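Trainee: Fold the following, please.
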Amino acid sequence: MLHHTGSVRLESGRLILRPLTTADAEAAFANWTSDAQVARFMRWNPHTSVEETRSWLAQCEQDYRKPCHYEWAIVPKAAGVPVGSISLRLQGDGPSREAADVGYAIGRAWWGQGLVTEALICAMEHLIHTVGVRHFTGEHAPDNPASGAVMRHAGLHCVGRGSYTSFDGARTFPSLVYRLDL
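Mentor: Next up is the predicted model:
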């Protein structure tokens, strides 16, 4: 049985992970949601306006009402503003589902600094030790090897190939599939 906490504030050495809010719209739009390079391999398309980002954040705020929803702003302590986001979405049916699918995005100015790896490890530790999650999955496009490095550094292992489709159905990507079973 899982002990859901929702997206409570978490902290690691360099980061604060906290729930996203509509007040983050300008920073999110400027730092990652509007960048075509960041969205290149994502299920979502780059946002074309701050209002589109604000709408996404309003949906996040609605989703936070569900205690099984886990999504955070990635806020470097040195920057003080969100530079990316990370989610661990629980899979399966019913209250006992124990697998979380990982997803993340971070602005280009913060690529290659290990911030997403640090955020993923922090979020996974919370889900393992507090919530009780025992299985993690993720996937990335082979042309985006940095995403695979994040998952490997967090302990996930490549288990095969698959594919995923953008939310609008316009793009399909081949993928490498990762898993961690505790």
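Trainee: Now do the buried residues in stretch 12-25.
Mentor: Neighbour-count burial for stretch 12-25, with 16 or more other C-beta atoms under 10 Å as criterion, is recorded at R14, L15, I16, L17, R18, P19, L20, T21, D24, A25. Glycine gets a C-beta too; all of them are placed from N, C-alpha and C.
Trainee: Please list all residues in contact with the nearest residue to the third one once chain neighbours are set aside.
Mentor: Okay, so that is I16. Distance criterion C-beta to C-beta, 6 or more residues apart in numbering; nearest residue to I16, sequence neighbours excluded, is V75 at 4.5 Å. Counting by C-beta atoms under 8 Å, 6 or more residues apart in numbering, V75 makes contact with L15, I16, L17, R18, V81, P82, V83.
Trainee: three-state assignment of Q37?
Mentor: helix (DSSP: H, G, I helix; E, B strand; the rest coil).
Trainee: so S147 makes contact with H140?
Mentor: Yes - if you go by C-beta atoms under 8 Å, S147 and H140 touch, sitting 3.6 Å apart.
Trainee: what residues are shared contacts of those two?
Mentor: F41.
Trainee: Check for me that N31 belongs to a strand.
Mentor: No - per three-state DSSP, N31 lies outside any strand segment and is helix.
Trainee: burial of the residue nearest to it when sequence neighbours are not counted, as a residue count?
Mentor: Spatial nearest neighbour of N31, chain neighbours left out: G107 (3.9 Å); criterion: C-beta to C-beta, 6+ apart. Applying other C-beta atoms under 10 Å, we find 22 residues neighbouring G107.
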